[in-house]
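>>> Here's my sequence, what's the structure:
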Amino acid sequence: MDQFIVRPLFGDGPIQWYTVTNVTLWLALAVVCVVLVMVFGTSRRAIIPSRSQSVAEMIYGFVHNMVEEVTGHEGVKYFPYVMTVFLFILFANLLGLIPMSFTTTSSLAVTITLALLVFFGITILGLVRKGPAFLAMFWVTSAPLALRPILAVIEVISYFVRPVSHSIRLAGNLMAGHAVIKVFAGFASMAILSPIAVGAVTAIYGLELLVAVVQAYVFTILTCVYLKDAVGDAHH
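Now for the predicted structure:
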């Protein structure tokens, strides 16, 4: 599991909050990739788009439609943030598939930070937009009166568990896939099992490519679902 170890880029001293590590490097590279695709890739906008412009427009349209369909018209104004989250996680996941790289989204420190930003941002937005009425989402008026207090407790617990499930789902899936690749790669050194191991690694690598995209989508669509609570009508 050495591929998940956080190491300083310069020196061998203890890691402090300000230490530049391999995580810092690959997080920065993910940001660079986002800028290259969305800024430089669309700098020469044309009626007949280039390949980079086509990719940027496809991603833009895909995420925009997702935000509008899930959150409604009121949620579209928060599209830039959702788009940024999707692109950052997507490129962080894809960069993690490069040999000798570090998969930043397999680190709970990264995914928990992303999940908490979504959680606190949406909670504050809901309270600012709706005031005390935001808390109505915890009171299920369609249920019998006797069950409403019990359901309210369940709703509150599930609400505060959101950042936990939001972050662990992403990190767990990325870490598990890379660990499986590492295990099968270890068998490649054995002459008898080498062809099977190489075939298995190739198949799992293809699956991990799909997982990288799907997990970025899952994190983003859950963000949209949570955003709907803040900008949409309270459920009953």
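>>> Show me the helices in the chain, by range?
Counting by DSSP state H, the chain has helices at residues 22-38, 51-71, 79-95, 108-130, 148-187, 194-231.
>>> Any idea how far the second one is from the middle of the chain?
Distance of helix 51-71 from its chain centroid, counting by Cα atoms, centre = their mean, to the nearest Å, is 16 Å.
>>> elements contacting it?
helix 22-38, helix 79-95, helix 194-231 (3 or more Cβ pairs under 8 Å, 6 or more residues apart in numbering; DSSP states H and E). Every residue, glycine included, has its C-beta placed from N, CA and C.
>>> a markdown table for those helices, including mean pLDDT and mean neighbour count?
As requested, the helices and strands packed on helix 51-71 are arranged in a markdown table below (pLDDT from 0 to 100; neighbours: other Cβ atoms under 10 Å):
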| stretch | mean pLDDT | mean neighbour count |
| --- | --- | --- |
| helix 22-38 | 91 | 17 |
| helix 79-95 | 94 | 21 |
| helix 194-231 | 89 | 17 |
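>>> nearest to residue 112, of these?
helix 194-231 (12.3 Å; Cβ to Cβ).
>>> what angle sits between that closest one and helix 51-71?
50 degrees (axes from the mean of the first three to the mean of the last three Cα atoms, to 10 degrees).
>>> before we move on, back to that, nearest to residue 10, out of the helices and strands packed on helix 51-71?
For residue 10, the closest of those is helix 22-38, at 10.8 Å, according to Cβ to Cβ.
>>> can you list contacts of the closest one?
6-7, 9, 52, 55-56, 59-60, 84, 87-88, 91-92, 95-96, 101-104, 107, 109-110 (Cβ atoms under 8 Å, 6 or more residues apart in numbering).
>>> Centre of the chain to it, how far?
Here helix 22-38 is found 14 Å from its chain centre; the criterion is Cα atoms, centre = their mean.
>>> now do stretch 160-173
Put simply, stretch 160-173 sits 10 Å off its chain's centre (Cα atoms, centre = their mean).
>>> Just the buried positions in that stretch, please.
By neighbour count on 16 or more other Cβ atoms under 10 Å, the buried set for stretch 160-173 is 162, 163, 166, 167, 169, 170, 171, 173.
>>> again with stretch 103-120
Across stretch 103-120, burial judged by 16+ other Cβ under 10 Å covers 103, 104, 105, 106, 107, 110, 111, 112, 114, 115, 118, 119.
>>> repeat for stretch 52-59
52, 53, 56, 59.
>>> Does residue 75 touch residue 69 like I think?
No. Between residue 75 and residue 69 there is no contact under Cβ atoms under 8 Å: 9.6 Å.
>>> between the two, which one's more packed in?
The neighbour comparison of residue 75 against residue 69 (other Cβ atoms under 10 Å) goes to residue 75, with 19 against 11.
>>> Chain neighbours aside, what residue packs nearest to the more buried one?
Leaving aside its sequence neighbours, residue 75 sits nearest to residue 231 (Cβ to Cβ, 6 or more residues apart in numbering; 4.8 Å).
>>> what's near enough to touch that neighbour?
For residue 231, the contacting residues are 71, 72, 74, 75, 78, 125, 126, 129, by Cβ under 8 Å, 6+ apart.
>>> switch the cut-off to 10 Å
If a contact means Cβ atoms under 10 Å, 6 or more residues apart in numbering, then residue 231 has 71-78, 122, 125-126, 129-130 as its contacts.
>>> coming back round to it: any common contacting residues for residue 75 and residue 69?
Common contact partners of residue 75 and residue 69 (Cβ under 10 Å, 6+ apart): residue 224.
>>> Distance check, the nearest residue to residue 41 once chain neighbours are set aside against residue 91.
Distances taken as Cβ to Cβ, 6+ apart place residue 52 nearest to residue 41, at 3.3 Å, with adjacent residues excluded. As judged by Cβ to Cβ, to the nearest Å, residue 52 and residue 91 stand 14 Å apart.
>>> Perfect, I'm done here.
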